[in-house]
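Visitor: Need a 3D model of the sequence below.
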Amino acid sequence: MNREILKLDAPYNIIYAGGRVGRHIATLTVWNDDDMGVYGADQYPILDEGGELAAGTLATEALLQDCRVICNESDPRVRLRWLAKIVEYDLQQEEPVEFGHLWNRLSILGVKPIWDKAKDEDGNEYEQNVYTIAITFEGTHHHMVAQSYTLSGFYFYARGTVEEVYREIHYQHMEYETAFYNDNLLLDFKTNDGWERHFVDLLNERKEEYEPADDEETLL
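Guide: Next up, the predicted model:
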């Protein structure tokens, strides 16, 4: 087994690596003698995760080719739509991390969101960052899937019974607004589906549990 570490130069890319987030400071290349040289090698990122964590963490959770660049430390900002794509990619992993943890590590690394500031008729920016999130639904009360589009800047996804899906979407909702509390974030949900409008109304009211509508049986 052959190993080689390539140290990178600053400014470093800040990357997502299988649930870990950090500055990509070096790359470990591993290959066998019977491989076709380094062309058949596996590469793993070595990270500086910032804060209380020591620099030089080998991220074995993901090959370098499966990592995603979030931004560069020379301009540590991330557009919300790209952040939503990172969250979507994270939720596709076998062991996804929660957004709250993801954003906490990014904040330690100095990453800031780029807000799409809404403006009034006079061109003045609103004090709150208000985003409308379109949720789509598939399935029935017994097994359903709910998700949003990354174009909104905030990605939501859950599957299970209607009660399980509601709790998960509500939890994700609270994670986003808590993470960006100082930025006055407000998320407002909408849907073009039928009975699911009741589901969305409960989210906008911030109800912790799903409450069936009085006429729910007639809406199914």
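Visitor: Where do the helices of this structure begin and end?
Guide: With DSSP state H as the definition, the chain shows helices at residue ranges 80-91, 99-108, 162-179, 196-204, 216-219.
Visitor: Can you say which of those is nearest to Asn32?
Guide: Smallest distance to Asn32 across the helices of the chain (CB to CB): 29.5 Å, for helix 80-91. Every C-beta, even on glycine, is put in place using the N, C-alpha and C of the backbone.
Visitor: what is the orientation angle of the closest one with helix 99-108?
Guide: Inter-element angle recorded for helix 80-91 and helix 99-108: 130 degrees (by axes from the mean of the first three to the mean of the last three CA atoms, to 10 degrees).
Visitor: Report all helices and strands that helix 80-91 contacts.
Guide: Other helices and strands packing on helix 80-91, by 3 or more CB pairs under 8 Å, 6 or more residues apart in numbering; DSSP states H and E, are strand 13-17, strand 68-72, helix 99-108, strand 112-114.
Visitor: Off-centre distance for that helix?
Guide: Offset of helix 80-91 from its chain centre (CA atoms, centre = their mean, to the nearest Å): 4 Å.
Visitor: Which helix or strand in this structure has the lowest average pLDDT?
Guide: When the helices and strands of the chain are scored by mean pLDDT, DSSP states H and E, helix 216-219 comes last with a mean of 61.
Visitor: Residue ranges in this structure under the pLDDT threshold?
Guide: Scanning the chain with the threshold set as pLDDT under 70 gives 34-39, 117-121, 123, 125-127, 215-220.
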